[in-house]
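> Need a 3D model of the sequence below.
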Amino acid sequence: MSPTRAPRAAFAWWGATACWFLGSLLGGRRTAVEAAVPLPVALLAYVVCAGLWALLVLGVYRGVGGTRVALAVIGVVGIADLVLQLAGDVTAGAVVHGAFFLAALVLSAAGFVLLLRRR
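Alright, predicted model coming up:
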């Protein structure tokens, strides 16, 4: 990985993480499971998930071995989840949640392109 692509890919992934975090917080709770969890517990879960993802991206940024592959594999699962949630947002009419998750999807795609593209 070239030294110029890793920071750009990392910044795209960090931006996607921020959009996911803000969309999860500001988008409201739509399902019964989401509504059953108290707000502090949900906030803690969002912070932990976003923090772990940001640490994985930091490993890619610093060039730690194996993090690039791990980010690619876990990123595919994350993008599939974003697509499913966006489909749910379209049917439910959740505009704020959908806008942040659409931005996260675009930034994640940019992160993949910058991460896996050859020079």
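> Neighbours of L58, how many?
14 (other CB atoms under 10 Å). No exception for glycine: its C-beta is placed from N, CA and C like everyone else's.
> now swap in V83 and tell me
12.
> my read: it touches L102, true?
No: contact status for V83 versus L102: not in contact, 10.2 Å apart, counting by CB atoms under 8 Å.
> before we move on, which element is the nearest residue in space to L102 that is not next to it in sequence in?
Sequence neighbours aside, L86 is the residue nearest to L102 in space, at 6.2 Å (criterion: CB to CB, 6 or more residues apart in numbering). L86 belongs to helix 67-92 when assigned by DSSP states H and E.
> Show me the helices in the protein, by range?
Per DSSP state H, the chain carries helices over the ranges 5-26, 32-36, 39-62, 67-92, 95-116.
> Out of these, which gets the lowest mean score?
Ranked by mean pLDDT, the helices of the chain bottom out at helix 32-36, which scores a mean of 71.
> sorry, back to before: the residue nearest to L102: how many residues sit nearby?
L86: 18 surrounding residues under other CB under 10 Å.
> And the residue nearest the centre of this structure?
With distances taken as CA atoms, centre = their mean, T17 lies nearest the centre of the chain, 4.1 Å away.
> isn't it right next to A50, touching?
Yes: counting by CB under 8 Å, A50 is a contact partner of T17 at 5.3 Å.
> give me the number of residues near A54?
Residue neighbour count, defined by other CB under 10 Å, stands at 17 for A54.
> Report the contact partners of it.
Shown in contact with A54 (CB atoms under 8 Å, 6 or more residues apart in numbering): W14, T17.
> how near is V73 to L116?
In this view, V73 and L116 are 12 Å apart by CB to CB, to the nearest Å.
> Who has more neighbours out of the two?
L116 (13 against 10).
> And for that one, nearest residue in space, chain neighbours not counted?
Nearest to L116 is A72, by CB to CB, 6+ apart, at 6.8 Å.
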